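>>> just the structure for this:
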Amino acid sequence: MTTLDFSIESTRFDENYRPLANSRITTNFANLARGEKRQENLRNTFTMIDGRFNDLAPHDNEDGDRYTVELDIISASVDIDGAGVRDAVPLIEVLQTTIVDRRTGDRIPGIVGNNFSSYVRDYDFSIVLPAGKPADFGELHGNLFKAFLASDAYAQHFGKPPVICLSVSTSKTYHRTDNEHPVLGVEYRQSEYSQTDAYFAQMGLGVRFFMPPNSVAPLAFYHLGDLLGDYSDLELAALISTMETFQKIYRPEIYNANQVAGESYQPSLTNPDFTKTSIEYDREERSRLAVEQGKFAEEHFIEPHKAALESWSRDFTASQNEQQGAR
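Predicted coordinates:
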């Protein structure tokens, strides 16, 4: 029987960060740390994150500078049957937030997840999908993610499940509801599942859509359990401030638009009425690199270990089905 062994490494993400050789360079954090203005990009990004966090945490924060948010890149690797492949391709990269109270000196652990990047997802969307969507699309990736969350490595590092925060789909329409949360904001519901939503469902994650206070568009929150009950307001504020900042940089047409989403809303990357941030970002390069990194995953992870991964995934799915049937 094929066995998988997960391991985790942590790297501080600050203005001195430089992407490692094996880091997935289309990630929200890595592509900011490249080029002549890398340090300026990073410094401005962290200033935006801190400003937004303090805006979302106004209690006993009259000057709006009580808190700062620290970020660590969490890289998860997997070894297959002890073959030593963990160094070839990092399986998953996410971010861990830590909230620092400048007044008290307290360090408050935030949510792990936030951003989500995966070489195998690049492979699925850039290599597999263009050739035709197979019936088991996303199943291997989903099983790898669920196995990672169930691993000893995850339990040793994190006390709560992850929450991933992404842009809403430009192909779907979102409708405002009467439900409102003090930090997450107004909840929206969508017309139907997007392909990204279905892919994250394969990973065991549900999705809800909220437009935080003083935002102009809803964000997609992929989560396990109770999004509103399992996390504190400060944890959610760190998640929003981090990922809304990234989205303002990468999708300003949506998240730095000059008009606020209404009762019915369909996001558009062709919206001309928006304000660009001062942070440089090459969206075309990111799309090209996603294809290159999908091919890299195919060459160094999928194809060399195809039989073992398929066997493991079948067994994992069968085990999951047995567990669900026993409940």
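
>>> helices and strands around the stretch of helix or strand Ser311 belongs to, which ones?
Using DSSP states H and E, Ser311 maps to helix 306-326. Packing partners of helix 306-326 (3 or more CB pairs under 8 Å, 6 or more residues apart in numbering; DSSP states H and E): strand 67-80, helix 139-149. C-beta coordinates here come from the backbone N, C-alpha and C atoms, glycine included.

>>> quick one, helices of the stretch 1-150 of the chain?
38-56, 119-123, 139-149 (DSSP state H, counting those that start in this stretch).

>>> Glu303: which of those is closest?
helix 119-123 (10.0 Å; CB to CB).

>>> nearest spatial neighbour of Val260, chain-adjacent residues omitted?
Residue nearest to Val260 in three dimensions, not counting chain neighbours: Val216, with 4.8 Å by CB to CB, 6 or more residues apart in numbering.

>>> now do the SS call for that neighbour.
Three-state assignment for Val216 (DSSP: H, G, I helix; E, B strand; the rest coil): coil.

>>> again, but for the one 4 residues further on
Reducing the assignment to helix, strand or coil with three-state DSSP, the entry for Ala220 is strand.

>>> just Leu269 next, same as before
Assigned by three-state DSSP, the conformation of Leu269 is coil.

>>> quick one: residues contacting it.
Going by CB atoms under 8 Å, 6 or more residues apart in numbering, Leu269 touches 170, 251, 253-254.

>>> got TSV for the residues you listed, with neighbour count and secondary structure too?
Listed next are the contacts of Leu269 as TSV, based on neighbours: other CB atoms under 10 Å; DSSP: H, G, I helix; E, B strand; the rest coil:
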residue	neighbour count	secondary structure
Thr170	15	coil
Arg251	21	coil
Glu253	19	helix
Ile254	23	helix
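
>>> and those, which is closest to Arg189?
Thr170 (16.8 Å).

>>> nearest spatial neighbour of that closest one, skipping sequence neighbours?
Using CB to CB, 6+ apart, the nearest residue to Thr170 is Pro267, at 5.1 Å.

>>> again with Pro252
Phe274 (4.9 Å).

>>> cool, and Thr11?
Take Thr11 and drop its neighbours on the chain: the residue closest to it by CB to CB, 6+ apart is Ile73, 4.5 Å away.

>>> correct me, but the one you found touches Glu93?
Yes. Ile73 lies in contact with Glu93 (CB atoms under 8 Å); the separation is 6.1 Å.

>>> for the lowest-mean-pLDDT helix or strand in the chain, packing partners?
Averaged element by element with mean pLDDT, DSSP states H and E, the chain has its least confident helix or strand at helix 283-297 (a mean of 79). Applying 3+ CB pairs under 8 Å, 6+ apart, we find helix 283-297 packed against helix 119-123.

>>> quick one: low-confidence parts of the protein?
Applying pLDDT under 70 to the chain flags the ranges 19-36, 83-89, 282-286, 326-327.

>>> hmm, try it at 80
Scanning the chain for pLDDT under 80 picks out 1, 18-38, 82-90, 280-289, 323-327.

>>> so who does Ala308 touch?
2, 80-81.

>>> and for Phe210?
Phe210 neighbours (CB under 8 Å, 6+ apart): 181, 184-188, 218-219, 221.

>>> rerun that using 7 Å as the cut-off
Shown in contact with Phe210 (CB atoms under 7 Å, 6 or more residues apart in numbering): 181, 184-187, 218-219, 221.

>>> ok, back up a step: how close does the residue nearest to Val260 get to Thr270?
Distance, Val216 to Thr270, by CB to CB, to the nearest Å: 16 Å.

>>> more neighbours, those two?
Ranked by neighbour count (other CB atoms under 10 Å), Val216 and Thr270 place Val216 first, with 18 against 6.

>>> now stretch 53-62: how far from the chain's centre is it?
Computed by CA atoms, centre = their mean, to the nearest Å, the chain-centroid distance of stretch 53-62 equals 24 Å.

>>> residues of it that come out buried?
By neighbour count on 16 or more other CB atoms under 10 Å, the buried set for stretch 53-62 is 53-57, 61.

>>> before we move on, what about stretch 61-79?
Burial within stretch 61-79, assessed by neighbour count using 16+ other CB under 10 Å, is assigned to 61, 66-78.

>>> start and end of stretch 123-130, how far apart?
10 Å (CA to CA, to the nearest Å).

>>> tell me the buried residues in it?
By neighbour count on 16+ other CB under 10 Å, the buried set for stretch 123-130 is 123-129.

>>> now stretch 270-278
Residues of stretch 270-278 classed as buried by neighbour count (16+ other CB under 10 Å): 271, 274, 277.
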